[in-house]
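Novice: Coordinates only, no sequence provided:
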């Protein structure tokens, strides 16, 4: 019997890779698609649109009625909630909308499953985030590390995390939270710092751009590849019981290191001058190719996030296949075509 899955956030990076994975495994995939002003919001899944295994439904996580109708029409074996307002910096500007989508959106899905009597038939995956840890209290962070979110996005995601855990313990939901550390790919949105750096440096190498402006150069993150992480999502819902798992590489890299790898890829030598908001990168010709703009700092900075994926490795048999360098090189190569 063909399994059916519902994926929210289908037009995003993770949604595209997850749809590919599920269809390759024989699933019938249904996807919630927001009505967007962008004419190209399906570019990540355009190669899947001709298959009879992918079905798109207009809807929104803020609209309870459309969610009820969708669940009432179809019994889903698995639900992957990847939909979110996922820009951490922007969440400070639109905190109410962020909470409506990232917190209450999850609750609406859970209530659909509960009130329509699908608890015994539907497994639920919640895309959680390392931003839950925020002002970290231990290094590295694991499933038992206390949360200390430092943004409206992180706070909203903490609500979702505990909602899934509550429905699991109260109603017997097969629900899992994937606490995913930063994960990138050529499909990453341009508003994320990795893609901003990768495309910016590529443009500088071609003479199409003079410099890039960044925020906190000292921020350190645990960066992996989105393909590895959607594999982890899938593995969580194949377990006998729902649980919470950290997906991470366990390696720490700074924004500054990311910049250096990108320039090295194009054989452009740079050196750094200054510190803090006065820091800048200078190329061999004396041109400033990177500067720091305080506008890109968050009101409450998160300096360091690095995960311990031991539980996912031991229980799920999961491990990342991509290294940090191969990830960034793949993203850089994609800018050349």
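Specialist: Now that the structure is in, tell me what you want to look at. The shown structure was predicted, so the numbers you read here are calculated from the model rather than taken from an experiment.
Novice: Identify the residues contacting residue 127.
Specialist: Under the criterion of Cβ atoms under 8 Å, 6 or more residues apart in numbering, the neighbours of residue 127 are 9, 14, 80-82, 84, 178, 180, 233. For every residue, glycine as well, the C-beta is placed using N, CA and C.
Novice: Confirm that it sits in a strand.
Specialist: Yes - counting by DSSP: H, G, I helix; E, B strand; the rest coil, residue 127 is part of a strand.
Novice: By neighbours, which of the contacts of residue 127 wins?
Specialist: Among the contacts of residue 127, the one with the most neighbours (other Cβ atoms under 10 Å) is residue 80, at 30 neighbours.
Novice: Name all residues that make contact with that one.
Specialist: Residues in contact with residue 80, defined by Cβ under 8 Å, 6+ apart, are 5-8, 18, 125, 127, 233, 237.
Novice: Other residues contacting stretch 128-140?
Specialist: With contacts defined as Cβ under 8 Å, 6+ apart, stretch 128-140 is touched by 88, 141, 145-151, 153-154, 157-158, 160-161, 177-182, 222, 244, 248, 250, 300, 302, 304-308.
Novice: circling back to that earlier point, which members of the contacts of residue 127 occur in strands, if any?
Specialist: Judged by DSSP state E, those include 80-81, 178, 180 as members of strands.
Novice: Make a markdown table from those residues and add distance to residue 207 and pLDDT to it.
Specialist: Shown next, in a markdown table, are these (distance: Cβ to Cβ, whole Å; pLDDT from 0 to 100):
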| residue | distance to residue 207 | pLDDT |
| --- | --- | --- |
| 80 | 42 | 98 |
| 81 | 43 | 98 |
| 178 | 41 | 98 |
| 180 | 36 | 97 |
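Novice: out of those residues, who's nearest residue 58?
Specialist: Ranked by distance to residue 58 (Cβ to Cβ), those are led by residue 81 at 17.2 Å.
Novice: can you tell me how far the closest one sits from residue 327?
Specialist: Note on residue 81: its distance to residue 327, by Cβ to Cβ, to the nearest Å, is 25 Å.
Novice: Look up how far residue 204 lies from the most far-flung residue of the chain relative to its centre.
Specialist: In the chain, counting by Cα atoms, centre = their mean, residue 285 sits farthest out from the average C-alpha position, at 37.3 Å. Distance of residue 285 to residue 204, computed by Cβ to Cβ: 12 Å.
Novice: still on that earlier bit, quick one: the residue farthest from the centre of the chain is in a helix?
Specialist: No - counting by three-state DSSP, residue 285 falls outside a helix, being coil.
Novice: Report pLDDT for it.
Specialist: Residue 285 carries a pLDDT value of 95.
Novice: next one: phi and psi at it?
Specialist: phi -90, psi 0 (degrees, to the nearest 10).
Novice: model confidence over stretch 269-279, on average?
Specialist: Stretch 269-279 carries an average pLDDT of 94.
Novice: Buried residues, it. List them.
Specialist: Residues 270, 279 are the ones in stretch 269-279 that count as buried (16 or more other Cβ atoms under 10 Å).
Novice: can you give me the end-to-end distance of it?
Specialist: Taking Cα to Cα, to the nearest Å as the measure, stretch 269-279 stretches 16 Å from start to finish.
Novice: Against residue 278, how distant is residue 250?
Specialist: Using Cβ to Cβ, residue 250 is found at 33 Å from residue 278.
Novice: Next: residue 198.
Specialist: In this view, residue 198 and residue 278 are 24 Å apart by Cβ to Cβ.
Novice: In three-state terms, label residue 114 for me.
Specialist: Here residue 114 is helix, with the state taken from three-state DSSP.
Novice: thought it was touching residue 166?
Specialist: No - with contact defined as Cβ atoms under 8 Å, residue 114 does not reach residue 166; the gap is 11.1 Å.
Novice: Do you know the pLDDT at residue 49?
Specialist: Looking at residue 49, its pLDDT reads 86.
Novice: can you check residue 37 too?
Specialist: Residue 37 carries a pLDDT value of 42.
Novice: What residues does residue 242 make contact with?
Specialist: 123-124, 164, 168, 173-176, 236 are the contacts of residue 242 under Cβ under 8 Å, 6+ apart.
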